[in-house]
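Visitor: What shape does this take:
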Amino acid sequence: MSNPLGARHLIQHSEVLIMQNEFYQDLFASFGDIKMRKMFGVAGIYCDGLFFAIIADNELWLKVDTETRAAFEAIGAEQFIFEMKKKSSSTPYYKAPEDIFDDEDNLHYWTQLALGAALRNKTSPKSKKRAR
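Guide: Below you'll find the predicted structure:
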């Protein structure tokens, strides 16, 4: 016999994911073409093909690099730690400040830092070997 409660839960979960996608696409729309992809239990956020943020545990995490990490650490932002197979692995993502959602200047500042880090760390496609 089917489980209607389980099916309802899946539908509600899907609706939440759709609403979450729409929220972040609207939030970052002024920066470029925003796409979201599910990966390893998180959602990756891309702007014009640059992977600059993730959504994990219902939190927004922005990409950092050696040039931008200090700005995030200065405000006490938490680093995203990925747990897999009983091992912890640090990532180049830090929690976005809460006021990013309420203040357009802060949204612009922190998003530009993340996009800059993503651009500097963009990996180029591997060149194809020529056939001989």
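Visitor: I'd assumed D48 was in contact with L119.
Guide: No - L119 is beyond contact range of D48, at 9.7 Å (criterion: CB atoms under 8 Å). C-beta coordinates here come from the backbone N, C-alpha and C atoms, glycine included.
Visitor: L27 and N106 touch, don't they?
Guide: No - using CB under 8 Å, L27 is not in contact with N106; the gap is 11.9 Å.
Visitor: and K38, what are its bridge partners?
Guide: A43 (DSSP bridges).
Visitor: what's the pLDDT at it?
Guide: The model reports K38 with a pLDDT of 87.
Visitor: and the residue nearest to the spatial centre of the chain, bridged to which residues?
Guide: Centroid check for the chain by CA atoms, centre = their mean gives I54 as the closest residue, at 1.6 Å. Assessed by DSSP bridges, I54 has beta-bridge partners G44, W61.
Visitor: which regions of the chain sit below the pLDDT cut-off?
Guide: 1-18, 123-132 (pLDDT under 70).
Visitor: Am I right that G76 is in a helix?
Guide: No - applying DSSP: H, G, I helix; E, B strand; the rest coil, one finds G76 to be coil, outside a helix.
Visitor: Contact partners for it?
Guide: Contact analysis of G76 by CB atoms under 8 Å, 6 or more residues apart in numbering lists nothing.
Visitor: From F80, how far out is G116?
Guide: The gap separating G116 from F80 is 18 Å, by CB to CB, to the nearest Å.
Visitor: Name the residues of stretch 93-112 that are buried.
Guide: For stretch 93-112, a neighbour-count test (16 or more other CB atoms under 10 Å) marks 93-97, 100, 107, 110-111 as buried.
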